[in-house]
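**Student:** need coordinates for the below:
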Amino acid sequence: MTNKILNIVKGLVYIQIPILFISDLIFQVYKPIKKIDFIIGVHEISSNIYNLKKVINKSKSVNLNPNKYYDYQYDYGLNIKNKYFRFLINLFYSPFLLGYLCNKTNKFIYIWDKGFLIDRSLEFKFLKSKDKKIILFFCGDDIRSPKLSLEYSDNLGVENFLHFVQYDLDIQEKKVKKTAIISDKYGDLIFNFPICQKSYLKKRTYFPTYIYNPRRFNFLDGKFKNIKKFKIVHAPSNPNVKGTNLVREAINQLIVEGYKINYIELQERSNIEVLNELKESHIVLNSFYGLGYTIGTFGVEALANCNCLLTSICSETTYFGNSIILSELNNVCVNTKYWEIQDKLKNLLDNPRKVERYAYLGYNFALENFECRVADLASYL
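**Tutor:** Below you'll find the predicted structure:
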């Protein structure tokens, strides 16, 4: 039954194709007056569309799939909460919008594996026929191969968060293989995280630099004065894959041992609510099954609000041609594997000055490397 529904949905692209061609013809005749350099869209993940729009001059943002955790404004999009009604409207609106936008710009930046059309290969083929540039930013499950990722962690002898996911890994494997083939064929520039997003991509990829709004950096040294009880925040987007059960066990054990802790666990909260907690917290517990060189957007938010960050990252010294030396993260974060949460946290609570030192180091590191900067992207885009 599921396959039949998927085939029906995929077949709807043939409704979208004529709408796209008609729209393109209309706007070839009635050309948009104001040209722009980039279109950024179309699926918001961790505020990437919003942040890229802030840093890239002469760009417009498109969000066809609103994220319930963020209340940002985009240049084009559908703010329709009902996903079924939104899908129906997008069926017609998205191809018409694409026909219009391809007459306004020559460069499209895609976040995630979604596009304007249901079939992204047909969309990319159309854009290439118009000699457009296609830039791809991958963020996680959109490109990560379960098979390759599990093989990597098995060789290291450690658990992988994929052991705890609830979706069908075989379906996921087929999906990311197809995504990689399409991306290699049509992508002019591809950004992807190494190791943590092991994929079937064959083209050269670049490490995506985190981009965070400078207005959201807060040097909050006052919260480390006269601490009576450490405030610890854990905000898992998916508790099963972030190690939340292990976090709870560690916290409970430390409380039994007499440590004064104010533990805040945030789930299904808006980004504004999370940021407000980070402004007052001292320690942030992030993800503990990580194998790569990334701390995630939540990790960046924690550092930007002056917190001591515990998270799991790769400890190898590695250069990426277009990025910072990410091994420096070992100096500004407490590299914590899933079996080390209690011990690493206990060590910090026994040494309060360490918490403060990591918070300051992390803040300065984030400000230096993750603040929005046009020059960083300009050389690639």
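
**Student:** and the closest residue in space to residue 86 that isn't next to it in sequence, helix, strand or coil?
**Tutor:** Spatially, and ignoring its direct neighbours in sequence, residue 86 is nearest to residue 80 (4.0 Å; C-beta to C-beta, 6 or more residues apart in numbering). (C-beta placed from N, C-alpha, C; glycine too.) Here residue 80 is coil, with the state taken from DSSP: H, G, I helix; E, B strand; the rest coil.

**Student:** tell me the strands in the stretch 1-150 of the chain, going along the chain?
**Tutor:** Per DSSP state E, counting those that start in this stretch, the stretch 1-150 of the chain carries strands over the ranges 38-42, 59-63, 76-77, 107-111, 133-137.

**Student:** now the stretch 151-300 of the chain
**Tutor:** 189-191, 230-234, 261-265, 283-285.

**Student:** pick the most deeply packed of those.
**Tutor:** strand 283-285 (a mean of 27; mean count of other C-beta atoms under 10 Å).

**Student:** mean confidence for that strand?
**Tutor:** Averaged across strand 283-285, pLDDT comes to 98.

**Student:** quick one, helices of the stretch 201-350 of the chain?
**Tutor:** Ranges of helices in the stretch 201-350 of the chain, per DSSP state H, counting those that start in this stretch, are 239-242, 244-256, 271-278, 296-304, 329-332, 341-350.

**Student:** which stretch in those has the least confidence?
**Tutor:** helix 329-332 (a mean of 84).

**Student:** how about that one: buried residues?
**Tutor:** 329, 332 (16 or more other C-beta atoms under 10 Å).

**Student:** gap between that helix and the chain center?
**Tutor:** 20 Å (C-alpha atoms, centre = their mean, to the nearest Å).

**Student:** summarise which helices and strands that helix is packed against.
**Tutor:** helix 352-369 (3 or more C-beta pairs under 8 Å, 6 or more residues apart in numbering; DSSP states H and E).

**Student:** so the helix it packs on versus helix 296-304, what angle?
**Tutor:** 110 degrees (axes from the mean of the first three to the mean of the last three C-alpha atoms, to 10 degrees).

**Student:** returning to what we had before: need the winner for burial among the helices of the stretch 201-350 of the chain.
**Tutor:** helix 296-304 (a mean of 25).

**Student:** and the closest residue to residue 288 other than its chain neighbours, how many neighbours does it have?
**Tutor:** Spatially, and ignoring its direct neighbours in sequence, residue 288 is nearest to residue 243 (3.7 Å; C-beta to C-beta, 6+ apart). Neighbourhood size, residue 243 [other C-beta atoms under 10 Å]: 28.
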